[in-house]
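Q: compute the structure for the input listed below.
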Amino acid sequence: MSATARGQRTFLLPVILFAAVCAAVMFLTLRFAELPASGLFWGMLAWFTVLTLVLHAWQEGGQGVDPKIFVRRFMAGLVIKMMLSLLALVVLLVVLPKERLVPAAITFVLLYLAFLGFSTARSVGLMRRNARP
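A: Predicted coordinates:
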């Protein structure tokens with residue numbers, strides 16, 4: 001694998017590791033709350049993992065060209081993630097039975113915030129690293 005290909009995929013390992021940490025925390029929290037760790041919760045984790053991978057691939061693809069392009073892609077990524085996640089949450093709230101709404105909504109929002117924080121921290125770190133002479 002060339003250095004360019006490796007450089008373009010540097011986001012894979014951090015995102016996968018972060019998703020694994022989120023999976024462990026989610027599993028332990030659900031177990032503590034005595035809720036079954038159903039496919040619904042794993043689907044939410046998969047949603048944010050895939051969305052983050054896709055957005056980071058796109059955002060970091062414009063990193064070396066011009067810092068303004070990276071910043072625009074970062075801001076656009078935030079909006080895209082928010083809108084798609086809001087749409088997914090609304091769909092979940094409409095189709096889920098009432099007894100599953102609260103745990104699902106809380107888990108969804110916490111995963112959204114966790115992945116948002118991860119993406120923001122990573123992107124800001126990359127911007128600072130690339131701004132240094």
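Q: please state the offset of the secondary structure element (helix or strand) that Thr52 belongs to from the chain centre?
A: Applying DSSP states H and E as the criterion places Thr52 in helix 39-61. Its chain's C-alpha centre and that of helix 39-61 lie 5 Å apart, by C-alpha atoms, centre = their mean, to the nearest Å.
Q: list the buried ones in that helix?
A: Phe41, Met44, Leu45, Trp47, Phe48, Thr49, Leu51, Thr52, Leu55, His56, Gln59, Glu60 (16 or more other C-beta atoms under 10 Å). Quick note: C-beta positions are derived from backbone N, CA and C, even for glycine.
Q: again with stretch 85-100
A: Result for stretch 85-100 [16+ other C-beta under 10 Å]: buried residues Ser85, Ala88, Leu89, Leu92.
Q: export that stretch as CSV, just CAs?
A: Taking Å, rounded to 0.1, in the frame of the first residue of the first chain, the C-alpha atoms of stretch 85-100 are listed here in CSV:
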residue,chain,number,x,y,z
SER,A,85,-29.5,11.6,12.3
LEU,A,86,-32.5,13.7,12.9
LEU,A,87,-34.3,12.0,10.1
ALA,A,88,-33.3,8.6,11.4
LEU,A,89,-34.4,9.5,15.0
VAL,A,90,-37.8,10.7,13.7
VAL,A,91,-38.3,7.4,11.8
LEU,A,92,-37.4,5.5,15.0
LEU,A,93,-39.8,7.4,17.1
VAL,A,94,-42.6,6.8,14.6
VAL,A,95,-42.1,3.1,14.2
LEU,A,96,-41.0,1.9,17.7
PRO,A,97,-43.6,0.8,20.3
LYS,A,98,-44.0,3.2,23.2
GLU,A,99,-42.2,1.0,25.7
ARG,A,100,-39.0,1.1,23.7
